[in-house]
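In: With the sequence up front, the predicted model follows.
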Amino acid sequence: MLLSNEQLLTAMELYVQVKKIAPTVSQDTLYRNLELLSQINVVNRITVRGGDLFELERHHHHHFVCIYCGAVTCLQGCPIGPEQLAEAHENGFEVLYHSFLLSGCCHKCQELNQESRK
């Protein structure tokens, strides 16, 4: 299901779609598999207001999340480079994976906030 979807989905949205092709699958099985897939970096879990969203890890990237409406925008590129990895190594830390999330206010919510102030 994640492979056929370009958008972020909640676990419940995934469950509804999976049930259509695998009617005997349980929610518990879906949640366990999402947890495992996110631990091994096959699936990205993005925590927003109201829950988690999931996407297939097609390429390494990070996200901007609006703290007001929960909109998620993909950020291209990665701020973690050789210098940060070297610093981790110098401090005796082996980096296995990382996540980077910018939280703030999206353009639409900025406009709504400005309108409400008038």
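Out: That came in fine, so what should we check first? Numbers count the residues shown, from 1 in each chain.

In: can you pull out the helices in the chain?
Out: Using DSSP state H, the helices of the chain run over residues 11-21, 27-39, 82-90, 107-117.

In: Would you reformat those as a markdown table and include mean pLDDT, distance to Ile46 and mean neighbour count?
Out: Every C-beta, even on glycine, is put in place using the N, C-alpha and C of the backbone. As requested, the helices of the chain are exported to a markdown table (pLDDT from 0 to 100; distance: least, Cβ to Cβ, whole Å; neighbours: other Cβ atoms under 10 Å):
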| stretch | mean pLDDT | distance to Ile46 | mean neighbour count |
| --- | --- | --- | --- |
| helix 11-21 | 94 | 12 | 14 |
| helix 27-39 | 93 | 10 | 14 |
| helix 82-90 | 93 | 21 | 11 |
| helix 107-117 | 86 | 17 | 11 |
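
In: show me what contacts Asn41?
Out: Contacts for Asn41 (Cβ atoms under 8 Å, 6 or more residues apart in numbering) come out as Glu57, Tyr97.

In: do you know which of the helices of the chain lies nearest Gly70?
Out: Taking Cβ to Cβ, helix 107-117 is the member of the helices of the chain nearest to Gly70, at 9.9 Å.

In: how far does that closest one sit from the chain's center?
Out: Between the centre of helix 107-117 and the centre of its chain there are 25 Å (Cα atoms, centre = their mean, to the nearest Å).

In: Including distance to Tyr68, could the helices of the chain go into TSV?
Out: Listed next are the helices of the chain as TSV, based on distance: least, Cβ to Cβ, whole Å:
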stretch	distance to Tyr68
helix 11-21	21
helix 27-39	25
helix 82-90	30
helix 107-117	4
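
In: and Val65, which of the ones you listed is closest to it?
Out: Closest of the helices of the chain to Val65 is helix 107-117, at 11.4 Å (criterion: Cβ to Cβ).

In: Which residue lies nearest the spatial centre of the protein?
Out: Geometric centre of the chain, nearest residue: Ile46, 2.5 Å, by Cα atoms, centre = their mean.
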